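1. sequence and predicted structure, then a few things I'm wondering about:
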Amino acid sequence: MWRIARDSQTLDLNSSYAYVLYARDFAETCRIAIVDGRPAGFVLGYRRPTDESCLFIWQVAVDAEFRGLGLAGRMLDDLLHDDTFGPEVRILHTTITDDNIASQNTFRSLAKRWGDAPMEVTPLFETEHLSLSEPDAEHHDPERLYEIGPPVAEPVAVSHSPETGRRALPARQQPGGEQLHMNIFTELESEVRSYSRSWPVVFNRAVGSTMYEESGKEYLDFFSGAGALNYGHNNPELKKALIDYLSDDGVMHSLDMFTSARRDFLETFDEVILKPRELDYKLVFPGPGGANAVEAALKLARKVTGRESVINFTNAFHGMTLGALSVTGNSLKRGGAGVPLVHATPMPFDDYFDGDYPDFFYFERLLEDSGSGLNTPAAVIVETVQGEGGINAARAEWLRQLSALCKKHEVLLIIDDVQMGCGRTGDFFSFEEAGIVPDIVCLSKSISGYGIPMALTLIKPELDIWQPGEHNGTFRGISPAFVTGAEAIRRYWSDNTLRDSTIRKGARVEGWFNTIAARYPQHELFAKGRGLARGLQFPTGELADAVCQAAFERGLLMETSGPEGEVMKILPALTITDAELDRGLRIIDESVRAVLGEPDLEAAARADQSDEHDTAENKEHTHA
């Protein structure tokens, strides 16, 4: 317990002795979590002397290594289900500071498990009550008293250990009572894991827009493999085509040898995607992932032009290999390179300066000024919607200006459509709305349609100056990806049905997010995105993460993005049903309320009136 307190960096070390004594003398109302034989966390509580049905939680602590596993909630559940001592607990009290979002969410979730038990938050100690008078003294944040209960419904009872007779922490249960085994992941896998920390369950099935954990619990998927599953999990038409191919002993691996599956994909892509759009591209199969497509694009642009420098944009993300990282903006990802990332120059993305400066004023001036120090670049690489950068959608006019600027200065334009292509924004290519024709296009993620690794780099024919084998890789010919990719194109892109549906559903999400934002004017929420790539921006990454965690607890998977993780990001399958989409949006609404509280409707109304007044003034100025 002393070690957990020491490593928390927030608990007073001298208090650690008190915690040990507390756990000894109030053992029946305390819990210690043991994971793999090690203390992983503790909860300290006591019954209120004036009301023994009221349990006061004094301290909750979880070792940093074991956070994200739900230990705090499981220890609290164990306490509340313990019928071996005293009267039944009907009311729970605790104190939490305003900045402790994690604890707030823990107790909100507990209230939810108590059948949406009432929860009242009232001031207990304000800052001035807890602060010292000296000017340089450290001050304590205000404490709020959280009162939860009485329970409306009882949560699932916890298990007992038959070996020791002791009460065990409530385990995630499968039918038959088998406990999920998750230690292998934390013991054997690298610390580089990320998504599994946000969603600490073991999934074993997925169909359409639903994933199932081993216990059978359903999760609505608004993540879609980070955009690799635009047509949903195990799409039945694509699955049938894949099974038929495998049943016929089709070629699985072929590098760049000619195969019937490769021919079918090339013919289908040309007839259904390229020709109707009057696009003249040759296809490069650069490897299995989006970073391979980007690396091939950068190499070819430099080879064609004989120049080294590439222009990228603020908050861009293009992949994790060294060349792709060099044109990526995120400092955390760039920091993992271990070497200088050179030959790339960042420029402001659309609206980076909130409209205070004209588009491309800086970039164009540098290109035209011989004293700027900027060598004429080989290429410009850009995402039309920055997914990892925070769902920042470039305006069509901005993209057209960028295309014209590249042509004027004979700079190649590369569109990274790895995440936003294959229909994510409505059209098959995200740049179609702007009416531009890039020199090079990068595709991956949903190009196989089934989550099977595959990537494409589309290049104008005059750029195809590769020597045979000059850019290659072992996994350039994964035939199952050709099979499902061709079937997806035939099934979904022979007409505009999916395109129109995606645009319509995207508009519905935008309207819903705008409504949520309007309810909380004090938080300055902001709806972002195009098509079914949508985001809701919060003032901090902590709040966005808390909303995503609250959604997970309610059965919805979604992630955050942006430089500080401040954007709640959704990428639902394009094939999601209207009913599933609405259910997910309701969960998001509930999750925002759980984190931000019930909206102040009067404040929202005042904000609306202020916006209307500002709009009217702007119209008058414009007319004048």
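-> Arrived safely, thanks for sending.
2. and the residue lying closest to residue 229 once chain neighbours are set aside, its phi and psi?
-> Distances taken as CB to CB, 6 or more residues apart in numbering place residue 451 nearest to residue 229, at 5.3 Å, with adjacent residues excluded. The way it works is simple: take the backbone N, C-alpha and C, and place the C-beta from them, glycine included. Main-chain dihedrals, residue 451, degrees, to the nearest 10: phi 80, psi 10.
3. residues near residue 451, how many?
-> Using other CB atoms under 10 Å, residue 451 has 22 other residues around it.
4. which residue ranges of the stretch 301-450 of the chain form strands?
-> 310-313, 344-347, 379-382, 385-386, 392-393, 412-416, 440-443 (DSSP state E, counting those that start in this stretch).
5. make JSON lines from the ones you listed and add mean neighbour count, mean pLDDT and distance to residue 528 to it.
-> Formatted as JSON lines, these follow (neighbours: other CB atoms under 10 Å; pLDDT from 0 to 100; distance: least, CB to CB, whole Å):
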{"stretch": "strand 310-313", "mean neighbour count": "24", "mean pLDDT": "97", "distance to residue 528": "16"}
{"stretch": "strand 344-347", "mean neighbour count": "18", "mean pLDDT": "95", "distance to residue 528": "20"}
{"stretch": "strand 379-382", "mean neighbour count": "27", "mean pLDDT": "98", "distance to residue 528": "17"}
{"stretch": "strand 385-386", "mean neighbour count": "25", "mean pLDDT": "98", "distance to residue 528": "9"}
{"stretch": "strand 392-393", "mean neighbour count": "24", "mean pLDDT": "97", "distance to residue 528": "7"}
{"stretch": "strand 412-416", "mean neighbour count": "28", "mean pLDDT": "98", "distance to residue 528": "18"}
{"stretch": "strand 440-443", "mean neighbour count": "27", "mean pLDDT": "98", "distance to residue 528": "22"}
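6. and the residue nearest the centre of this structure?
-> What sits nearest the mean C-alpha location of the chain, by CA atoms, centre = their mean, is residue 559, with 2.1 Å.
7. wasn't residue 122 part of a helix?
-> No. Residue 122 is assigned strand when assessed by DSSP: H, G, I helix; E, B strand; the rest coil, not a helix.
8. confidence score at it?
-> Residue 122 carries a pLDDT score of 89 in this model.
9. that one: what's it in contact with?
-> 144-145, 147 (CB atoms under 8 Å, 6 or more residues apart in numbering).
10. you'd agree the residue nearest to the centre of the chain is up against residue 569?
-> Yes. Using CB atoms under 8 Å, residue 559 is in contact with residue 569, at 5.5 Å.
11. can you pull out the strands in the stretch 1-150 of the chain?
-> Using DSSP E, counting those that start in this stretch, strands in the stretch 1-150 of the chain cover 30-35, 38-48, 51-62, 91-97, 119-125, 143-148.
12. which elements pack onto the second one?
-> By that I understand strand 38-48. Counting contacts by 3 or more CB pairs under 8 Å, 6 or more residues apart in numbering; DSSP states H and E, strand 38-48 is packed against helix 2-8, helix 13-25, strand 30-35, strand 51-62, helix 71-81.
13. between that strand and helix 71-81, how big is the angle?
-> Counting by axes from the mean of the first three to the mean of the last three CA atoms, to 10 degrees, strand 38-48 lies at 40 degrees to helix 71-81.
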